[in-house]
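K.L.:
Turn this into a structure:
(chains A, B and C)
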Amino acid sequence: MFADVFERLREQHGPQEGWWPADSRFEVMVGALLVQRTTWRNAAVAIERLKQVRCMTAERLAHIGTDELRMLIKPAGFFRVKATRLKKLARFVISAGGLDSLSGRQTVELRNQLLELEGVGPETADAMLGYVFDRPVLVVDAYTRRLFARLYHPSPALSDTALKRDAEATLGTTQALNEFHALVIAHGQRCCSPTPSCEPCSLRAICGFEREGQSRLA
DNA sequence: CACCAGGGTGGTT
DNA sequence: AACCACCATGGT
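P.N.:
As a prediction, the model looks like this:
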């Protein structure tokens, strides 16, 4: 299932190497928080503004004034809660002894510690594991659920943990799982809108189930 | 104008 | 466990 979908997505949208560009791993962590429930476009503006004032480091973020931080990240939306969460993230990284120190921990333990952070749920934790700590995990987001709900239709949708387990067992490597996530988003942004409109889409048999009656791969 | 975007939290039933 | 309101800006 995952290998087949991966092939078709890559066929249609091309390789997604170099997705999630950033100058540092810490910048990826910041981006993972800032992009929550907004577009990458808006999050990128906030990221640029942080870099312009040299605040894209754990040390600077931990000490910057909350009001100033709020103003800087305002374009990303939810700026009050996100400012608080960014400062807690920065303090966590510092107290842990830096990202290299965090990298030495077991994956399950690291994931649980990320989940303890305010504002870091399952998806953000997995994004950090995959794109910061090089761990082979599937990031399950709204696009992923929507695509596979349509794929399995009319059968009931798989749980997030079931999707993760299958994808991680099938695709295996961090690179493949990260690229798969990028492909799902690229596909979702073009074809799999909330209201299916996959006319030009080669995965139309999957996405257009409402017009086709049932989903199918063949 | 309404709706959506690469979630998460806290409260209620 | 399944809902709900809330957080807030910017594009279509």
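
K.L.:
Flag every residue of chain A that's near DNA strand C.
P.N.:
By the rule Cβ under 7 Å from any atom of the strand, the part of chain A lying against DNA strand C is A:37-39, A:41-42, A:45, A:74-75, A:77-82. Heads up, the C-betas are built off the backbone N, CA and C, glycines and all.

K.L.:
Am I right that residue A:16 is in contact with residue A:184?
P.N.:
No - taking contacts as Cβ atoms under 8 Å, residue A:16 lies outside contact range of residue A:184: 9.7 Å.

K.L.:
in chain A, which helix or strand is least confident?
P.N.:
When each helix and strand of chain A is scored by mean pLDDT, DSSP states H and E, helix A:209-212 comes last, with a mean of 40.

K.L.:
returning to that earlier point: among the residues of chain A next to DNA strand C, who's most crowded?
P.N.:
residue A:82 (25 neighbours; other Cβ atoms under 10 Å).

K.L.:
Walk me through the domains of chain A.
P.N.:
Listed by automatic domain parsing, the domain ranges of chain A are A:2-16+A:139-212, A:25-131.

K.L.:
closest point of chain A to DNA strand B, which residue?
P.N.:
In chain A, the residue found nearest to DNA strand B is residue A:121; the distance is 2.5 Å by Cβ to the nearest atom of the strand.

K.L.:
got a pLDDT number for that residue?
P.N.:
Residue A:121 is assigned 98 on the pLDDT scale.

K.L.:
Could you pull up phi and psi at it?
P.N.:
phi -100, psi -170 (degrees, to the nearest 10).
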